[in-house]
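# all I have is the shape, not the residue letters:
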């Protein structure tokens, strides 16, 4: 669909200046990076022509790391230090992981998120994931020949706030500017929808290595509207592997395995599963450390039988998502299959049966998410795209608070379109109560104990009153990344407390700073240079945006002296950008930000009015 | 300046009534979103990004409120000074409550017996009931301007919607 290029307010860029932006699919099993090149989205390969980077990180004794194919090959030789499927641990504590016994890692329980002890020290899943992202960033910059403006990182739609925050932290740690966290099925829908000019109701069934999502979308004239999403953030191809693994142990009557054998058997189990997507049976042979030889034949029938419950487990979320969308299966026009695990014939059959139609398997289930993310990244970075489209996504799980008796009070319901905000008033329980503890949870269950705890914070300084007299307004805001922040305010006195929901699961800014410091421990100069470079990128972006805005609406929306003031601040920032004084750049950026608040409000105002009167900007500017 | 406190109907340029041209609402919503959504401002200055998020939040809230019959009626009544869902506003006619108790029992029995046919029948009955209540709301609000009566109808609709949701959950438990 080649359409006329239309300039958008706030997005104007200097002509011929293509901003390098990528989409990254940070997968459980494999990760990929893609970009839009000459209007076409492409996966970027490594020097050997591989697009897929196995999501495997090996820590070496000298403090170095090896990531991808090389690490995967050595997994069995170095099982404790080679982390596979780290995505399963993002934003998760030890008690959240059901199959610890089949994993060779030395887990360390840490508040909020588990960690793993390796030869190079204790590593958090955020750090491990950032190693994968660093490799992809380097690959992209080498391939595109320049520094990236930013990246869209995909997450499973059913990831909760803690998992999303952890993913964003990993990207920041890898030195990536996160343009947006994008839900994986939504990314797939963009790639599929734009490619096929699809219109109507579509379902995206995304069964990856460790996560399952189902999203129901309505596609109408360039608008991708997610109606409902559901899933299971701990169900994926790994579970199919584990079923085979357990079957091997049972058949071969082996009971005690060392960690090398565990890793080896899991790898063979995965290979057998992949073989069964093409053949009627798979041959499994392994020589164990003890010299014992395992030699088995796994038929498709037995495989289907032992994994039937896993396949069925994906259908309940499908039913729930349809119900939340207020739709019947017959109303779905197409079912897009995403994720490597949708290659399993029985999965395709079950999905086809459920939706009453043959699912769409004509796109590469491994690549479509990264491709969709790159298209979004290209637009967000400010490059013109041929197609004008709009994405409306939702929050996957209800967000709420703990109230008396350990019950959940839902504030933001699941499937609310983001960004969204909701406020609710609460009151004190005891006479003279001067503090209120606020416990933020996510999930659908009535009892707080059955939901995920995201954060706790306290509102202090409430004036003593009789029980029930104080009025405390708690506001939840979910941004376009699906991330939550919560604030509480006593309405009588204005006492306020605010929290970006990070402390119990995500990393605080200081922690990210510490990790960055660690990785630059011997290069303090690098750190300073990096800060300056980042500040300059921010400053330049603001200069570009302000210049574009002035050019577009300066004459119409600003008085002479107002315009002169903005231009003065603009000139100061440009001057600061020519120098190398970090604090000067930051000060001037902040001043211009402050100085353009009113102008921005008028521009927004005008945009809304134009939208309403039908006088679309595109019509005016053609 | 556009006023944040403007009502949801005015925001989308729609008449303040229960009867709704949903195609027009959808179109207005999409047109506004195409201008103000954060994706359009990912590369803009901080002030514009913040405004974009605030506006989009506001527009999403308004859209969700208007497109659901229950929320739309509740919102309209609040604009008319009727707080139908306040905790001290609970009067319900006895015959309606009796009818609902019957339906609730029917649902509990169907769940117990895992009887899909009864669930199907009950769901249809409740959908008809909801539709009937919505028709009453339209008449009471738009024609007769009898807002207290509409308040009672709205409370009935809440009961019915809740029971419909329970039927939905029952399907999932049985399936």
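Nice, thanks for sending it over. Predicted model only: the values in this text are computed from it and were never measured.
# I'd say residue A:151 and residue A:175 touch.
No: the criterion here is Cβ atoms under 8 Å, and residue A:151 misses it with residue A:175 at 10.2 Å. In short, each C-beta sits where N, CA and C put it, glycine included.
# the two: who's more crowded?
The residue with more neighbours, out of residue A:151 and residue A:175, is residue A:151; 28 against 18, by other Cβ atoms under 10 Å in any protein chain shown.
# pLDDT at that one, what is it?
In this prediction, residue A:151 carries a pLDDT score of 97.
# could you say which helix or strand contains it?
Assigned by DSSP states H and E, residue A:151 belongs to strand A:150-155.
# given that strand, what are its sheet partners and their directions?
strand A:21-26 (parallel), strand A:178-183 (parallel) (DSSP bridges).
# give the next helix or strand downstream of that strand.
helix A:161-173.
# now for that following helix, which elements pack on it?
strand A:21-26, helix A:125-144, strand A:150-155, strand A:178-183, strand A:452-460, helix A:509-519 (3 or more Cβ pairs under 8 Å, 6 or more residues apart in numbering or on different chains; DSSP states H and E).
# please parse chain B into its domains.
Taking automatic domain parsing as the reference, chain B has its domains at B:8-67, B:94-174.
# give the buried residues for the helix or strand containing residue A:322.
According to DSSP H and E, residue A:322 maps onto helix A:315-325. When burial is assessed from 16 or more other Cβ atoms under 10 Å in any protein chain shown, helix A:315-325 yields the following buried residues: A:315, A:317-325.
# likewise stretch A:124-138?
A:124-137.
# can you list contacts of that stretch?
Contact partners of stretch A:124-138, identified using Cβ atoms under 8 Å, 6 or more residues apart in numbering or on different chains, comprise A:22, A:24, A:26, A:31-33, A:53, A:55, A:57, A:65, A:67-68, A:83, A:86-87, A:89-92, A:110, A:113-116, A:148, A:151, A:153, A:166-167, A:169-171, A:173-176, A:507, A:515.
# buried subset of those residues as a ChimeraX selection?
In ChimeraX, this line selects whichever of the contacts of stretch A:124-138 come out buried by 16+ other Cβ under 10 Å:
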select /A:22,24,26,31,32,33,53,55,57,65,67,68,83,86,87,89,90,91,92,113,114,115,116,148,151,153,166,167,169,170,171,173,174,175,176,507,515
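# are the longest helix along chain B and chain A in contact anywhere?
Counting residues, the longest helix found in chain B (DSSP state H) is helix B:147-174. Yes: with Cβ under 8 Å from any Cβ of the partner chain as the measure, helix B:147-174 is seen reaching chain A through B:168, B:171-172.
# can I get these in a markdown table with pLDDT?
Compiled in a markdown table, these are given as follows (pLDDT from 0 to 100):
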| residue | pLDDT |
| --- | --- |
| B:168 | 84 |
| B:171 | 80 |
| B:172 | 74 |
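# can you flag the buried ones in these?
If you count burial by 16+ other Cβ under 10 Å, none of the residues of helix B:147-174 next to chain A comes out as buried.
# tell me how far the residue of chain B lying at maximal distance from its centre lies from residue A:576.
Distance from the C-alpha centroid of chain B, by Cα atoms, centre = their mean, peaks at residue B:45 (36.2 Å). Distance check for residue B:45 against residue A:576: by Cβ to Cβ, to the nearest Å, it reads 16 Å.
# repeat for residue A:190
Counting by Cβ to Cβ, the gap from residue A:190 to residue A:576 is 38 Å.
# which of the two has more neighbours?
residue A:190 (28 against 23).
# do I have it right that residue B:96 meets residue B:156?
Yes: under the criterion of Cβ under 8 Å, residue B:96 makes contact with residue B:156 at 5.9 Å.
# between those two, which is the more surrounded one?
residue B:156 (22 against 15).
# so what's the more buried one up against?
B:92, B:96, B:133.
# from residue A:176, how far off is the spatially most central residue of chain A?
The residue lying closest to the centre of chain A (Cα atoms, centre = their mean) is residue A:155, at 3.0 Å. The gap separating residue A:155 from residue A:176 is 14 Å, by Cβ to Cβ.
# now residue A:440
Counting by Cβ to Cβ, the gap from residue A:440 to residue A:176 is 27 Å.
# now swap in residue B:30 and tell me
In terms of Cβ to Cβ, residue B:30 sits 31 Å off from residue A:176.
# same check, this time on residue B:42
Taking Cβ to Cβ, one finds residue B:42 at 14 Å from residue A:176.
# just residue A:316 next, same as before
35 Å.
# likewise residue A:584?
Residue A:584 is 26 Å from residue A:176, by Cβ to Cβ.
# show me where the stretch 301-450 of chain A has strands.
Here the stretch 301-450 of chain A has its strands, by DSSP state E, counting those that start in this stretch, at A:334-338, A:390-392, A:399-403, A:407-412, A:420-426, A:435-442.
# got the residues of the stretch 401-550 of chain A near chain B?
A:416-422, A:477, A:479-480, A:541-542, A:544-546, A:549.
# can we see that at 6 Å?
Residues of the stretch 401-550 of chain A lying near chain B by Cβ under 6 Å from any Cβ of the partner chain: A:417, A:419-421, A:480, A:542, A:545.
# ditto for the stretch 101-250 of chain A
So far as Cβ under 6 Å from any Cβ goes, the stretch 101-250 of chain A lies against chain B at A:179, A:223.
# low-confidence ranges, the stretch 101-250 of chain A, go.
Counting by pLDDT under 70, the stretch 101-250 of chain A contains no low-confidence segment.
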